[in-house]
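Peer 1: what would the 3D arrangement of this be:
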Amino acid sequence: MARCPNCSAKLGCSCKLRKAADGTQCCVSCVTQRNNVYKQKTKNAANVTNTTPVLISATAKQKE
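Peer 2: This is a model prediction of the structure:
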């Protein structure tokens, strides 16, 4: 009998396994939740990397 590697649920057969967005195998019951977590993580990572850097001007120090 197959088991879900994510939640360890007993499956009737391996045909109930699905591939999640992050590439892991999950059962049909937990694949949606796993995909939502993956989407949220990638969205958060994109927000961190897409921030605009702050440029500090040295002219204020030069004027003194």
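
Peer 1: spatially central, which residue of this structure would that be?
Peer 2: With distances taken as C-alpha atoms, centre = their mean, Tyr38 lies nearest the centre of the chain, 2.6 Å away.

Peer 1: in whichever strand or helix holds it, what's buried?
Peer 2: Here Tyr38 sits within helix 31-49, counting by DSSP states H and E. Buried residues in helix 31-49, defined by neighbour count with 16 or more other C-beta atoms under 10 Å: Val31, Arg34. In short, each C-beta sits where N, CA and C put it, glycine included.

Peer 1: can you start the count at 48 instead of 1 from here on
Peer 2: Renumbered: residue one is now 48, and that last one reads helix 78-96.

Peer 1: run the chain-centre distance for that helix.
Peer 2: 3 Å (C-alpha atoms, centre = their mean, to the nearest Å).

Peer 1: stretch 75-88 too?
Peer 2: On the basis of C-alpha atoms, centre = their mean, stretch 75-88 sits 8 Å off its chain's mean C-alpha point.

Peer 1: surely Val78 meets Asp69?
Peer 2: No: at 10.5 Å, Val78 and Asp69 do not qualify as touching, with contact defined as C-beta atoms under 8 Å.

Peer 1: right, I'll call it a day here.
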